[in-house]
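>>> sharing a model that was predicted from the sequence below.
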Amino acid sequence: MKMLLEGSHAVAEAVRLCHPQVIAAYPITPQTHIIEHLAQMVANGELSSEFISAESEYAAASVVLGAVATGTRAFTASASQGLLLMTEVLFNIAGLRLPVVMVCANRAVGAPINIFCDHQDSMALRDAGWIQLYVSSNQEAVDSIIQAYRIAEACELPVMICMDGFFLTHAFEPVDIPEQTAVDTFLPPYQFSRMLDPKKPMTLGGGSEPDNYLEYRAALHNDMEKTLDRIQRVGSDFSQQFGRGYGGLVEGYRLEDAEIVFVGLGSLIGAVQDLIDQLREQGQLVGALRLRCFRPFPAAALVRSLSSAKRIIVMEKAFSAGAGGIVATELRAALYQAGLSIPVDNFIGGLGGRDITPSILEQIFHTSVSSDAAIDCRFINKDDMSHAEGNATTPGEGD
Amino acid sequence: MDTRDQFRTNVLTSGHRACAGCGEAMAARMVTDLIGPDAIYINATGCLQVFTTHNQQSAWQAPWMHSVFANSAAVASGVEAALRARGRSTPVVVQAGDGGTFDIGLQCLSGMIERGHDVLFVCYDNEAYMNTGVQRSSSTPHAVRTTTSPPGRLSEGKHHLKKDVISIIAAHHMPYAATATVAYFPDLKAKVEKAMSLKGPRFLQVLSPCPLGWDHDAALTVQISRLAVETGLFPLIEMEYGDVTGVMRLARQRPIEDYLHLQGRFKHLFGHQNDNGNVEIRHLQALADARIQRYGLLDAETEWTTASAAQTERHGRGGYSISAVKQEVSS
């Protein structure tokens, strides 16, 4: 049923449809509305779940860890400092191969403290062993949560749905909330092979030594890579049943003959697509590629989509201090590995919730095409922005 | 299908890697056998986890899970919530050391109790971080030698008092909190059975001597834990909803030296050129006396009055002040 919903409310509706029996959370902006809606659903009897108000995000992650190991589907959500406080437990969940699903309402990381959107929080968790899907709309958030449970439970690996804080969590959009019967058809009941059960006693999380630790960790990497197929398949199953798809791993926009391709993740892609339309009208051969799945890194899918590009512009909302853009660095490595020497320009912007307006994107495009050498890592700072705003053709538009 | 070995129903089986005379192994064997295999056990990181699970081997014959150091009470909260959601009544038991209880695990434990989860949390208290090689914890008693509270020219061991964790736990207004040791099995048994007969969050603090960390003869584990009780240093008590509802009274009080001289961790207090060691011994005696007074463990008067014992307890660091030490350093 199509409804006008706040992003957080839509997420809560999607979670309700998946019937998690245990929900644990600790409030943090901009995640709070998600858990408030879930708490209300439980209070109203619309959702039969144990709602655990944890005393920290660290505990919330631990509660869902315990719940999933005891044979129930579970849900948690966090952001920013809270996500980083969970870090130890999130690595542990992946190492224990527990199919936890969570939402990260992407937010900047302090200091300085800032409650607004960028991708630094979930990007910092990129090595944790969690599948990470970055969504670009509230509809995709809803659909991806339903997909996430199926992916996680089939692969016995955790999935993090990353959605832009405020830009999505607090935005009202028309969202189609699927019917319960349709979700039940798509998502089989939760089964866990290593459940804690006195009838079948098992030891989970025992010690390891130098002579076998590496094999466990290598298996995690190999199994993560294998999930690429599963993510794609679950995505196409979903679009077959529900009529909506997001490309599985990556989503292209007007890529067919594109020579210059914008690459980005999250809600930013809407503004990028508008710019592509505008530049196409001017006769420029441009396109866009949205990275939906960042972990596992879909190197092959990226190389396939980008092999005929002449220049790539990576626009990202996070960086590794002292190294530069994260997506650009990994993309360059993938292209090099495939024998392609396509220049990749790296722009970092939108940090701490700053708007990336269409005019700024246009400025980035012109900076990129007029540069001879590839731009290694460039922050879109205030000077760039004021310059771009001066030439703005569509002032006041945000992403 | 029930895949348990029908003939070996003990929860913690033999073949694990605990040291000879390990108080924690003894305590865990007693506690888990009293509870039985029809329970789910969550373990914090620590000696018990290390010596019972190693390279694909496990000494546990019950469902057992270890996640990380600090979160065992929160993991147990999730396990219990999941069982409740599935309509199961399987008991949930946490096992943690004093580090995982008094220090790094205290926040998760407090949250678990505040939310009223139906979980028994068992702390095997060996009064230091033994798994990492004997570092002081907030459970380490005053004046104890550890690797991070070493005695030296300016120090007589740990400067701070053992945290009164049972009072902190009981202040959550929870159904049951009790202390026990491996020396008094009938008492431990009664407390485990009582804890298992109740619903809601329950807590057991089991004093578990560590021959390695306490530096005592491995054959003396039981004797030393008995002395901890008989000197008044470790009172055996029960608390329900914040009130003391049971104590094991003492027939007579043993002098503190009887307990101290068996353990290398107190050795630096004896045979001192100056008086500092004696001051610390008197201080430990005062702490024991204060506990005897507080819980009414004896009919007779103790050597120290309640007022002077309490004063000593407040001041910490025995009879000499920190400023005196600072003067000595600066001169």
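All right, it came through fine.

>>> so how far is stretch B:154-162 from its chain's centroid?
Stretch B:154-162 sits 18 Å away from the centroid of its parent chain (C-alpha atoms, centre = their mean, to the nearest Å).

>>> what about that stretch, start to end distance?
20 Å (C-alpha to C-alpha, to the nearest Å).

>>> avg pLDDT for it?
Averaged over stretch B:154-162, pLDDT sits at 89.

>>> burial measure for B:Gly157, as a count.
23 (other C-beta atoms under 10 Å in any protein chain shown). Any C-beta I mention is one placed from the backbone N, CA and C, and that applies to glycine too.

>>> what bridges to A:Ala74?
Assessed by DSSP bridges, A:Ala74 has beta-bridge partners A:Val22.

>>> can you classify A:Leu289 as helix, strand or coil?
At A:Leu289 the chain is in strand, as set by DSSP: H, G, I helix; E, B strand; the rest coil.

>>> against A:Gly235, how distant is it?
Applying C-beta to C-beta, to the nearest Å, the value for A:Leu289 to A:Gly235 is 16 Å.

>>> neighbour count winner among those two?
The neighbour comparison of A:Leu289 against A:Gly235 (other C-beta under 10 Å) goes to A:Leu289, with 27 against 24.

>>> that one contacts A:Arg254, doesn't it?
No. The pair A:Leu289 and A:Arg254 fails to qualify as a contact (C-beta atoms under 8 Å) at a distance of 10.1 Å.

>>> wondering if stretch A:189-204 reaches chain B at all.
Yes. Stretch A:189-204 comes into contact with chain B (C-beta under 8 Å from any C-beta of the partner chain), by way of A:Leu196, A:Asp197, A:Pro198, A:Lys199, A:Lys200, A:Pro201, A:Met202, A:Thr203, A:Leu204.

>>> ranking the residues you listed by neighbours, who comes first?
Most neighbours among those, by other C-beta under 10 Å: A:Leu196, with 26 neighbours.

>>> list the residues that contact that residue.
The contact partners of A:Leu196, by C-beta atoms under 8 Å, 6 or more residues apart in numbering or on different chains, come to A:Ala69, A:Thr70, A:Gly71, A:Met202, A:Leu204, B:Ile40, B:Pro63, B:Met65, B:Val79.

>>> same check on B:Val222?
Residues in contact with B:Val222 (C-beta under 8 Å, 6+ apart) are B:Met26, B:Val182, B:Ala183.

>>> at 6 Å what do you get?
B:Ala183 (C-beta atoms under 6 Å, 6 or more residues apart in numbering or on different chains).

>>> again with A:Gly252
So A:Gly252 contacts A:Leu289, A:Ser305 (C-beta under 6 Å, 6+ apart).

>>> parallel or antiparallel, list what pairs with whichever strand or helix holds it.
Assigned by DSSP states H and E, A:Gly252 falls within strand A:250-253. Applying DSSP bridges to the sheet, strand A:250-253 is found paired with strand A:286-291 (antiparallel).

>>> for the strand it pairs with, which outside residues touch it?
Here strand A:286-291 has contacts from A:250-255, A:258, A:260-263, A:265, A:269, A:272-273, A:276, A:279, A:305, using C-beta under 6 Å, 6+ apart.

>>> in helices, which of those fall?
When DSSP state H is applied, those are split such that A:Ile269, A:Val272, A:Gln273, A:Ile276, A:Leu279, A:Ser305 fall in helices.

>>> how far out from the middle of the chain is the strand holding A:Gly252?
Offset of strand A:250-253 from its chain centre (C-alpha atoms, centre = their mean): 15 Å.

>>> so what's B:Leu260 up against?
B:Phe266.

>>> hmm, I typed the wrong one, I wanted A:Val261.
The contact partners of A:Val261, by C-beta under 6 Å, 6+ apart, come to A:Gly287, A:Leu289, A:Ala309, A:Ile312.

>>> so for stretch A:162-179, what gets flagged as buried?
A:162-171, A:175, A:177-178 (16 or more other C-beta atoms under 10 Å in any protein chain shown).

>>> could you do stretch A:357-373 as well?
The neighbour-count check on stretch A:357-373 (16+ other C-beta under 10 Å) flags A:Thr357, A:Pro358, A:Ser359, A:Ile360, A:Leu361, A:Glu362, A:Gln363, A:Ile364, A:Phe365, A:Thr367, A:Ser368 as buried.

>>> and for stretch A:1-17?
Neighbour-count burial for stretch A:1-17 [16+ other C-beta under 10 Å]: A:5-17.

>>> possible to save these as JSON lines with pLDDT, distance to chain B and secondary structure?
Below are these laid out as JSON lines (pLDDT from 0 to 100; distance: C-beta to the nearest C-beta, whole Å; DSSP: H, G, I helix; E, B strand; the rest coil):
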{"residue": "A:Leu5", "pLDDT": "98", "distance to chain B": "27", "secondary structure": "strand"}
{"residue": "A:Glu6", "pLDDT": "98", "distance to chain B": "27", "secondary structure": "strand"}
{"residue": "A:Gly7", "pLDDT": "98", "distance to chain B": "27", "secondary structure": "helix"}
{"residue": "A:Ser8", "pLDDT": "98", "distance to chain B": "23", "secondary structure": "helix"}
{"residue": "A:His9", "pLDDT": "98", "distance to chain B": "24", "secondary structure": "helix"}
{"residue": "A:Ala10", "pLDDT": "98", "distance to chain B": "24", "secondary structure": "helix"}
{"residue": "A:Val11", "pLDDT": "98", "distance to chain B": "21", "secondary structure": "helix"}
{"residue": "A:Ala12", "pLDDT": "98", "distance to chain B": "18", "secondary structure": "helix"}
{"residue": "A:Glu13", "pLDDT": "98", "distance to chain B": "20", "secondary structure": "helix"}
{"residue": "A:Ala14", "pLDDT": "98", "distance to chain B": "19", "secondary structure": "helix"}
{"residue": "A:Val15", "pLDDT": "98", "distance to chain B": "15", "secondary structure": "helix"}
{"residue": "A:Arg16", "pLDDT": "98", "distance to chain B": "15", "secondary structure": "helix"}
{"residue": "A:Leu17", "pLDDT": "98", "distance to chain B": "17", "secondary structure": "helix"}
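
>>> so which pair among those residues is furthest apart in space?
Pairwise distances across the buried residues of stretch A:1-17 (C-beta to C-beta) peak at 16.9 Å, for the pair A:Glu6 and A:Leu17.

>>> ok, back up a step: can you redo the buried residues of stretch A:162-179 as a markdown table with secondary structure, pLDDT and distance to chain B?
Output for the buried residues of stretch A:162-179, formatted as a markdown table (DSSP: H, G, I helix; E, B strand; the rest coil; pLDDT from 0 to 100; distance: C-beta to the nearest C-beta, whole Å):
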| residue | secondary structure | pLDDT | distance to chain B |
| --- | --- | --- | --- |
| A:Cys162 | strand | 98 | 23 |
| A:Met163 | strand | 98 | 24 |
| A:Asp164 | strand | 98 | 28 |
| A:Gly165 | coil | 98 | 25 |
| A:Phe166 | coil | 98 | 29 |
| A:Phe167 | coil | 98 | 31 |
| A:Leu168 | coil | 98 | 28 |
| A:Thr169 | coil | 98 | 25 |
| A:His170 | coil | 98 | 28 |
| A:Ala171 | coil | 98 | 32 |
| A:Val175 | strand | 98 | 28 |
| A:Ile177 | coil | 98 | 24 |
| A:Pro178 | coil | 98 | 23 |
